[in-house]
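Colleague: fold the following, please.
(one chain, ligands or ions: 1)
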Amino acid sequence: EPQISSSMIQNTIDQAYIKFKSMEDGENASYIPYLSKADSKLYGIAIVTVDGKIFKKGNVEYKFPVESVAKIFTLASVIQKKGTDTVLRKIGVNATGLPFNSVLSIELNNDKLGGGPPTGNPLVNAGAIATASLVEGQTLEKKWKSVLDTASAFAGHPLHLNEDVYQSEMANNQHNQAIAVLLKSYNALYADPSETVDLYTRECSYEVNALDLAIMGATLANGGTNPLSHVPVVNAATSAHVLAVMATAGLYNTSGEWLFKVGLPGKSGVGGGIVAVVPGKMAIGVYSSHLDAAGNSVRGQLALQFISEALGINIFSAK
Ligand code: GLN
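Modeller: Next up, the predicted model:
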């Protein structure tokens, strides 16, 4: 299999940057006041390889709220600590085919209908809130420390809560509270609902930049060991399971279209970040705040499709 050269990687992200730089389609997330004010001109692309090479273009240092991308790192730590059976049985791994914050998925994806637990999967809000309820710790503060420590190990340096984002979301998270209480009514939430929603909201509110996303993704690409710090964060089996769920549900109800076009496990957040992972090779982190109707960065998806095609890294293509 031909090696992808460093100059080819840099040229490709330079081109992806220029090609979509003036594209303004989509809108900032409007339901979280902090996110509605993001500067949509900011655009950054970073690639980190499993042998520790770093490639950057644009605003890769600009920090933004991780939002739903956090779901994969909390999932990784819960799979690692509680095992795959717990995740299969208590959360599920099937696509819901519904928007990320759907309550309907809770009613439809239940055992009686054969769709699995009411939580759907760990990458939609219901399943991510249930995943947060499985985080171990005596107190909320200890659980939060565990979540943030895991994410920080994926990034290779300490990550921090953005207090403004957290407050903005806590004041507007009635929908997620409703999800948590509804899950509880189905015995599908495994801790106190309000404490769990608080933990989940903190998880959405830590800051990352595009380079962090590439490093965090490269840790999954590298079987769970951070390729820059060389610290093992999770094991290879856990990484493979997380990537499988990303391929199934990483971009919510448009995950099928994403996989069809890009051919890589990915995860988006309404903060404008997307990470795409090439197992055994590299990860790509992109930031741009304008979202499509499903809540996925428009420029991020276009850039990643371009990069996947240009580098020939679609996991389904025979090489
Ligand atoms: N904090 C957001 C929410 O729970 C995260 C959603 C997302 O990024 N899709 O609604």
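Colleague: am I right that residue 35 is in a helix?
Modeller: Yes - assessed with DSSP: H, G, I helix; E, B strand; the rest coil, residue 35 lies in a helix.
Colleague: tally up the residues packed near it, please.
Modeller: Counted with other CB atoms under 10 Å, residues neighbouring residue 35 total 22. (Each C-beta comes from the backbone N, C-alpha and C, glycine too.)
Colleague: quick check: residue 47 touching residue 17?
Modeller: No - Residue 47 lies out of contact with residue 17 (CB atoms under 8 Å); the separation is 11.8 Å.
Colleague: higher neighbour count, these two?
Modeller: Remark: of residue 47 and residue 17, residue 47 carries more neighbours, 31 against 20, as counted by other CB under 10 Å.
Colleague: show me where the stretch 1-150 of the chain has its helices.
Modeller: In the stretch 1-150 of the chain, the helices defined using DSSP state H, counting those that start in this stretch lie at 6-20, 33-36, 70-82, 84-90, 104-108, 125-132, 140-155.
Colleague: now the stretch 151-300 of the chain
Modeller: With DSSP H, counting those that start in this stretch as the criterion, the stretch 151-300 of the chain has helices at 163-170, 174-185, 193-204, 210-221, 236-249, 255-262, 298-311.
Colleague: among these, which is nearest the ligand?
Modeller: Of all the helices of the stretch 151-300 of the chain, helix 193-204 sits nearest to the ligand, with 3.6 Å by CB to the nearest ligand atom.
Colleague: could you give the angle of the closest one to helix 174-185?
Modeller: Per axes from the mean of the first three to the mean of the last three CA atoms, to 10 degrees, the angle that helix 193-204 makes with helix 174-185 is 130 degrees.
Colleague: report the buried residues of helix 193-204.
Modeller: For helix 193-204, a neighbour-count test (16 or more other CB atoms under 10 Å) marks 193, 196-204 as buried.
Colleague: who's in contact with the residue nearest to residue 150 when sequence neighbours are not counted?
Modeller: Counting by CB to CB, 6 or more residues apart in numbering, residue 150 lies nearest to residue 77, which is 4.3 Å off, once chain neighbours are set aside. Neighbouring residues of residue 77 by CB atoms under 8 Å, 6 or more residues apart in numbering: 135, 146-147, 150, 234.
Colleague: what's the closest of those to residue 187?
Modeller: Residue 187 has its nearest neighbour among these in residue 135, at 18.1 Å by CB to CB.
Colleague: against the ligand, how distant is the residue nearest to residue 150?
Modeller: Per CB to the nearest ligand atom, to the nearest Å, residue 77 is found 18 Å from the ligand.
Colleague: got it, and residue 7?
Modeller: Residue 7 sits 34 Å away from the ligand, going by CB to the nearest ligand atom.
Colleague: what residues does the stretch 101-250 of the chain have near the ligand?
Modeller: 101, 125, 169, 176, 204 (CB under 6 Å from any ligand atom).
Colleague: same thing but at 5 Å, please
Modeller: Applying CB under 5 Å from any ligand atom, we find that the stretch 101-250 of the chain lies next to the ligand at residue 204.
Colleague: so what's the residue count around residue 5?
Modeller: 9.
Colleague: how close does it sit to the ligand?
Modeller: According to CB to the nearest ligand atom, residue 5 and the ligand sit 35 Å apart.
Colleague: so for that residue, what's the pLDDT?
Modeller: For residue 5, the model assigns a pLDDT of 96.
Colleague: from here on, count from 58
Modeller: Sure, I'll start counting at 58 from here, so that last one is residue 62.
Colleague: how about the nearest residue to residue 113, chain neighbours excluded?
Modeller: Of all residues not flanking residue 113 in the chain, residue 103 sits nearest, at 5.0 Å (CB to CB, 6+ apart).
Colleague: try residue 369
Modeller: Spatially, and ignoring its direct neighbours in sequence, residue 369 is nearest to residue 376 (6.6 Å; CB to CB, 6+ apart).
Colleague: so which residue is smack in the middle of the protein?
Modeller: residue 126 (2.2 Å; CA atoms, centre = their mean).
Colleague: list the contacts for the closest residue to that residue other than its chain neighbours?
Modeller: Nearest non-adjacent residue to residue 126, counting by CB to CB, 6+ apart: residue 326, 4.2 Å away. With contacts defined as CB under 8 Å, 6+ apart, the neighbours of residue 326 are 122-127, 261.
Colleague: buried ones in the lowest-mean-pLDDT helix or strand in the chain?
Modeller: Lowest mean confidence among the helices and strands of the chain (mean pLDDT, DSSP states H and E): helix 161-165, at a mean of 86. Going by neighbour count (16+ other CB under 10 Å), the buried part of helix 161-165 is 162-163, 165.
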